[in-house]
Each structure stands twice: as C-alpha cells, then as structure tokens.
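S.K.: Whatever this is, show me its structure:
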Amino acid sequence: MAKLINLNQILNMSKKLLIYLILFVPLLLLNAQKNIPNIPIETFRGTYTTMSKELNEDSFYIISFWATWCVPCINELDAINEVYDDLSKEMDFKVLAISTDDARTKRRVKPLVNGKAWKFDVLLDENHDLKRALNISGLPHTIIARKNQILHRRVGYAPGEELGLLDKLKEYEIK
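M.R.: Now for the predicted structure:
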C-alpha cells in the first residue's frame, strides 16, 4: 500500500510540474532574449540594412512588430503616430515599425504605409528571421530598446498604451 501512495504522490507532483512548465516557460522565453540580434532586414525602399545599423545611435527605440491584417497593430501605430511629435519633444527616441507580412500579404504594406504617412521608418521582415530570433509569437509585439539591448516588451495593444510607452521610456532614462 505504501508503494501505491508513493506512486500517486509522484503522479501528482508530475502533474504540478507540468502545469508550472506550461505556465512559466513562455514567460522565461519571452525574457530570454536580451539583445536585438544583428539580422539583415529589408527597408521600405527595397534596400537591405542590418539591425545594428538601424539601432546605432544612443537614443531609445520603440520597435513595433505588426502586420497589415492585424487591426490592433495598425491602431497602435496610428496612435503612436498621433502623439509622436509631442512625445519626441519630451524625450529622444525613434520608432521602427517592422512589418511581418509574408510573401502573400507583403504587397499590401506599401499602399497601407503610403496612405498612413507615418512619421517613422518601416522595415520588412518578410521571412520572419528577426521575429523568430526574438521569439515573437503574438502581434502587435512592441519592444523598447537602447544600444541593441531590450529593456521592455509588450504583446497586444489597447487604446492609451502608447502613452504608457513614454512612461517606460522615462523610467529607463532615469536609470
């Protein structure tokens, strides 16, 4: 009987361990990447650059991964664009909007961006090389970085969160 109880205890502990792994491993993976990898990426003009060239200044960067089919992504970028001038008066930062549209939807990027007249640079990650290297699974995915170092990540968007990005930038500027 004692062996049966021990087996039940082991099974219960195994179930708990599995639940913990399912809940906490994604959080660990989200924070696993500390730096922006130096991956080649296409510019909006059709040339190629690298992430270290794009992030070469000492300023902060808001990097937003988005797609044309993602309504919250477009809403976030529109909201950032609306407050960009006011926010940039308070702090030195740049915005990079990285489209994750693949070969099927890439043709929609240029008309959308041209129609929006966003005040920031748009890059194209058609093969998802950068997205994969950063373990990004959900969109919109927004990163605050400085000197290639990831300081903050956020997945999803709700109206008003663009102002929260400024608060985060200010926190990191003080540190």
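S.K.: So what does the nearest residue to Asp58 once chain neighbours are set aside look like in phi/psi?
M.R.: Leaving aside its sequence neighbours, Asp58 sits nearest to Lys147 (Cβ to Cβ, 6 or more residues apart in numbering; 6.8 Å). Where C-beta positions appear, they are placed from N, C-alpha and C, glycine not excepted. Phi and psi for Lys147, reported as degrees, to the nearest 10, are phi 50, psi 50.
S.K.: and Lys147, what pLDDT?
M.R.: Looking at Lys147, its pLDDT reads 88.
S.K.: what's the answer for Gly164, then?
M.R.: The score at Gly164 is 91. That number is its pLDDT.
S.K.: follow-up on the earlier one: quick check: the gap between the residue nearest to Asp58 and Leu55.
M.R.: Computed as Cβ to Cβ, to the nearest Å, the Lys147 to Leu55 distance reads 7 Å.
S.K.: who's more crowded, those two?
M.R.: Leu55 (21 against 15; other Cβ atoms under 10 Å).
S.K.: separation between that one and Asp78?
M.R.: Leu55 is 24 Å from Asp78, where distance means Cβ to Cβ.
S.K.: what do you get for Lys170?
M.R.: The spacing between Lys170 and Asp78, counted by Cβ to Cβ, is 23 Å.
S.K.: now do Ser64
M.R.: 11 Å.
S.K.: same question, Tyr48
M.R.: 27 Å.
S.K.: which of the residues in the helix or strand hosting Gly115 are buried?
M.R.: Following DSSP states H and E, one finds Gly115 within helix 109-116. Residues of helix 109-116 classed as buried: Val109, Leu112, Val113 (neighbour count, 16 or more other Cβ atoms under 10 Å).
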